[in-house]
Structure formats: structure tokens, C-alpha cells
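[1] The sequence and its predicted three-dimensional model are supplied below.
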Amino acid sequence: MTRRHHGFTLIEIMIVIMLLAILAAMVVPRVIDAQTDACASALETDIQMLRQQIIVYKAQHGGNGPHLDADGNLDKANFSARLTGKTNPNGTIAPNGSCGPYMIKWPTNPFITSDAAAGTVLFGTDTSAPRNSTSGWYYNTDTCLISPNSATGGEKLDPKPD
């Protein structure tokens, strides 16, 4: 009488589990690295776009950056609105303005875990961002240069001292 084999032995199941574990150990780090690389690439593209649009804004507004209001005073509250909306040449936000918009929407820093902070801007005069992740971006009001403010990611995008 022949005995029919129904199912797998414990050894066969353990071999399959070991093979899956080895494959997972090889694949998971690559997936994590790919995600980090994608975030870094997105951040680099956003920084280049922001810096270019700030240059265009300054050219159309008599050398004034988007951080200044029509009277030349610091106006942090409307910084991103000046770049995503229309303005007059003096910097006044106006729906029918002749300048802008320079971008469709304000970007978020992909390395910031807090959704509330990812799109915000920290203003200051330091040469480089503090990299404390309290905001997604750091804007130097003296040089009109924007940088990522994340503790990780975008280190090579910091401005170099002249």
C-alpha cells in the first residue's frame, strides 16, 4: 500500500521561510535607500526651483525679495503668497497684479516629518540653515537665498560662504 504525501514537512517549510528571510534582508535596505534618494532628489529640484523663482521675483520687483512688503519692511506672513500669487511691481499682493505667480504651490520639505512644519519658512541672517527641523525651509533675508532646514537631507544644498 502506498502512502500519499499530503502537505509539506516541517523542514520544507523552514527552508522556504529561511529563503524568504534572506531575500527580505537583501531587498528591504535597498527599498529604504531608494526612498531616501527619491526624497533627496525632490528636495534638490524644489530648492533649485525656489532659488530660480526668487531671482525672477527680485528682477521684477526692483531688486527686492519676496520677504519685503511695498514699504520695504520685513513681511514674513506673506512670503510664500508673494511667490504663489500675483503682485504689483512694488510687492503688494494683488489678484490682478502684473507680476507672478512664480510657482503653482509652495513646496514641502520631504525630510520634515511634521506636516505643520514641512512647508513653513524660518527667516534669519545666518549664512546657513540651523538644520533643526523646526521648519521646512530657511530664508536668509540678507542674501535672499533659501535652503532646506531639515536635520537630515539636503546638506549639499547649503549655500557656500563667499
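    Cool, got the structure.

[2] part of a strand, is residue 139?
    Yes - judged by DSSP: H, G, I helix; E, B strand; the rest coil, residue 139 forms part of a strand.

[3] Could you report the separation of it from residue 68?
    12 Å (Cβ to Cβ, to the nearest Å). For every residue, glycine as well, the C-beta is placed using N, CA and C.

[4] Give me the next element, helix or strand, following the one helix or strand residue 55 maps to.
    Counting by DSSP states H and E, the secondary-structure element that holds residue 55 is helix 10-60. In the C-terminal direction, the helix or strand that comes right after helix 10-60 (DSSP H and E) is helix 79-84.

[5] From the contact counts, what lies against that next one?
    helix 10-60, strand 121-124 (3 or more Cβ pairs under 8 Å, 6 or more residues apart in numbering; DSSP states H and E).

[6] Can I get the shortest one as CSV, trimmed to CA atoms?
    So the one you mean is strand 121-124. Backbone C-alpha positions of strand 121-124 (Å, rounded to 0.1, in the frame of the first residue of the first chain) are rendered in CSV as follows:
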residue,chain,number,x,y,z
VAL,A,121,9.9,79.1,6.4
LEU,A,122,12.3,80.3,9.1
PHE,A,123,13.8,83.7,8.5
GLY,A,124,17.3,84.9,9.6
